[in-house]
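Asker: Generate coordinates for the sequence data below:
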Amino acid sequence: MPIDSHDHEFLTPNEVGELTRKPVASLAVDRCLRRDHPPFLKIGRKILYKKSDVLAWLESHRVPKAGGAMKTDLEEAQGRAGAQGGGR
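Answerer: Down below sits the predicted model:
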């Protein structure tokens, strides 16, 4: 994903650790082992995260409340298409 020139807010691993409540060492291991982690930039030895990427990554891990299923955007679009006679 290209860097948006309007999104200048970058976070360090320490700041991402504070925001996600995840130890900085765990973030480093996740990056190294290519586990689930927020997208990051590596410039030389420097690691930076776009704040918007971290917030989107956190949102993607939202768990629906018990008894109610959260529909994804795709499921909602498919439901609308079916309701409008979009089936072939």
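Asker: switch to C-alpha atoms for all contacts and neighbour counts from now on
Answerer: Will do.
Asker: Give me the longest strand you can find in this structure.
Answerer: Secondary structure of the chain per DSSP state E: the longest strand is strand 46-50.
Asker: And the contacts of it?
Answerer: Strand 46-50 is contacted by residues 7-13, 16, 38-42 when judged by Cα atoms under 8 Å, 6 or more residues apart in numbering.
Asker: at 10 Å instead, please
Answerer: Residues from elsewhere that reach strand 46-50 (Cα atoms under 10 Å, 6 or more residues apart in numbering): 3-4, 7-16, 28, 38-42, 56.
Asker: mind exporting it as PDB, just the C-alpha atoms?
Answerer: Below are the C-alpha coordinates for strand 46-50, written out as PDB (Å, rounded to 0.1, in the frame of the first residue of the first chain):
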ATOM      1  CA  LYS A  46      14.500   1.700  12.000                       C
ATOM      2  CA  ILE A  47      11.000   0.200  12.300                       C
ATOM      3  CA  LEU A  48       8.000   2.600  11.900                       C
ATOM      4  CA  TYR A  49       4.200   2.000  11.800                       C
ATOM      5  CA  LYS A  50       1.600   4.200  10.200                       C
END
